[in-house]
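Trainee: this one's sequence-less:
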């Protein structure tokens with residue numbers, strides 16, 4: 001009887017060690033190879049790429065989002081700061097002050113008078129419900145003024161938000177553009193990203 005108790009106790013202790021060995025994984029450390037760490041850590045979350053969402057327009061501009069949502073384009077006119085207004089986030093929420101908005105777009109003149117200079121464009125952030133047309137000069141601190149160096153090209157830049165914003169406009173700088181009133185330029189926005 002005493003012999004059976006010792007055997008039963010030994011088996012119980014052995015089972016406890018086996019179960020505790022199964023449920024314990026050594027935490028990742030610098031001494032362990034990456035292959036072992038990748039087996040322990042869960043796969044990173046992969047989110048689908050979001051497309052552009054047109055918020056509104058300035059100067060009766062009609063934007064068009066590509067079928068795959070990877071770009072949006074619009075034809076802008078010379079006058080009245082015509083522009084394409086896009087939300088910064090798919091859910092239309094506000095980015096906080098001090099966020100950095102990076103963007104990329106292409107431009108190409110369409111109808112263009114022989115004596116017209118290169119386009120003058122601007123990128124400005126704000127509230128999608130604001131009036132984007134005919135902003136007064138006090139909004140200059142929220143604006144990147146971009147004089148184009150040719151009739152077509154690509155611009156990659158960023159702007160730091162000095163106040164919260166949920167939208168950005170790509171527009172003509174009609175105030176300083178001494179071109180013909182019938183001039184038009186097509187813009188294609190290919191990137192907007194926000195770093196909070």
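Mentor: That came through fine. As the structure is a computational prediction, the values presented were derived from the model and not from experiment.
Trainee: what's the helix or strand hosting residue 85 in contact with?
Mentor: Counting by DSSP states H and E, the element that carries residue 85 is strand 83-87. The contact list for strand 83-87, computed with C-beta atoms under 8 Å, 6 or more residues apart in numbering, reads 52-59, 61, 63, 72, 74, 76, 128, 132-133, 166-172, 187, 189, 192. Using the backbone N, CA and C atoms, a C-beta is placed for each residue, glycine as well.
Trainee: what mean pLDDT does the next helix or strand after it get?
Mentor: With elements assigned by DSSP H and E, the helix or strand that comes after strand 83-87 is strand 100-109. Averaged over strand 100-109, pLDDT sits at 96.
Trainee: strand partners (parallel or antiparallel) of the next helix-or-strand element following strand 100-109?
Mentor: The helix or strand immediately downstream of strand 100-109 is strand 120-126, counting by DSSP H and E. Here strand 120-126 is paired, per DSSP bridges, with strand 143-147 (antiparallel), strand 167-172 (antiparallel).
Trainee: residue 178 and residue 74: what is the separation?
Mentor: Applying C-beta to C-beta, to the nearest Å, the value for residue 178 to residue 74 is 22 Å.
Trainee: neighbour count for the two, which is higher?
Mentor: residue 74 (22 against 9; other C-beta atoms under 10 Å).
Trainee: helices and strands around the helix or strand hosting the more buried one, which ones?
Mentor: In this assignment (DSSP H and E), residue 74 forms part of strand 72-77. Using 3 or more C-beta pairs under 8 Å, 6 or more residues apart in numbering; DSSP states H and E, the elements in contact with strand 72-77 are strand 64-65, strand 83-87, strand 167-172, strand 184-195.
Trainee: so what does the longest one touch, helix or strand wise?
Mentor: Using 3+ C-beta pairs under 8 Å, 6+ apart as the contact criterion, the neighbours of strand 184-195 among helices and strands are strand 72-77, strand 83-87, strand 100-109, strand 167-172.
Trainee: so which of the ones you listed is nearest residue 120?
Mentor: Of all the helices and strands packed on strand 184-195, it is strand 167-172 that lies closest to residue 120, at 6.8 Å by C-beta to C-beta.
Trainee: and the angle from the closest one to strand 72-77?
Mentor: Relative orientation of strand 167-172 versus strand 72-77 (axes from the mean of the first three to the mean of the last three C-alpha atoms, to 10 degrees): 40 degrees.
Trainee: and the contacts of strand 167-172?
Mentor: Contacts for strand 167-172 (C-beta under 8 Å, 6+ apart): 55-56, 58-59, 74, 76-79, 81-88, 101, 103, 105, 119-128, 132, 159, 185, 187, 189, 192.
Trainee: show me which of these are buried.
Mentor: Neighbour-count burial (16 or more other C-beta atoms under 10 Å) applied to the contacts of strand 167-172 gives 55-56, 58-59, 74, 76-78, 81-88, 101, 103, 105, 119-126, 128, 132, 159, 185, 187, 189, 192.
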